[in-house]
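J.: Sequence and predicted structure below; questions after.
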Amino acid sequence: KQWYQRRVRGTEGCIFTPVSHTITGAEADQVSLKFFQGLRGNKKTPNFNDQEQIITSCSEMIAQINIVMGHVKKVLSGEAPSDKELGRQLMEVVQSIPNLDGDTITNMLNSHMQDLLAVEYLTYLTRQQLAISARINQIL
């Protein structure tokens with residue numbers, strides 16, 4: 001919000017003027033934004049647990065898929081009118097999903113976990129080297 005200061009008969013006041021705005025972001029940023037939005041008012045340090053975030057994202061995705069499937073079933077049974085544009089968008093979404101089997105997904109997750117473990121290990125080594133360097137500098 002913008003604000004303006006005014007002096008009226010020796011007193012000072014502020015007038016807040018609402019400014020129209022929109023917040024835009026990439027779809028990939030939505031997960032982070034939702035996570036940080038959930039931290040509002042929380043005084044504790046957040047625990048960045050990948051597994052909990054994956055579970056939360058998967059359950060949200062399953063809920064959205066159930067909503068879409070319910071709508072498709074209603075359209076197929078004739079309870080709801082069909083919408084050509086919505087049908088095209090759903091078809092684009094379905095076609096954009098890569099066709100991966102379970103083994104490929106498992107291999108991708110395992111390699112990701114190995115990368116994370118390597119980063120954690122390198123972080124630990126860096127901390128230890130900094131501690132050793134600080135002790136050596138204290139001695140000298």
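T.: Nice, I can see it. Residues are numbered from 1 along each chain as shown.
J.: what's the helix ranked longest in the chain packed up against?
T.: Longest helix in the chain, counting residues (DSSP state H): helix 102-139. Using 3 or more CB pairs under 8 Å, 6 or more residues apart in numbering; DSSP states H and E as the contact test, no helix or strand touches helix 102-139. Using the backbone N, CA and C atoms, a C-beta is placed for each residue, glycine as well.
J.: pLDDT (mean, whole number) over that helix?
T.: What helix 102-139 shows for mean pLDDT is 90.
J.: So which bits of that helix are buried?
T.: Of the residues in helix 102-139, none count as buried by neighbour count, 16 or more other CB atoms under 10 Å.
J.: host element of the residue nearest the centre of the chain?
T.: With distances taken as CA atoms, centre = their mean, residue 31 lies nearest the centre of the chain, 1.0 Å away. Under the criterion of DSSP states H and E, residue 31 resides in helix 29-38.
J.: tell me what that helix is packed against?
T.: For helix 29-38, the helices and strands in contact under the criterion 3+ CB pairs under 8 Å, 6+ apart are helix 50-77.
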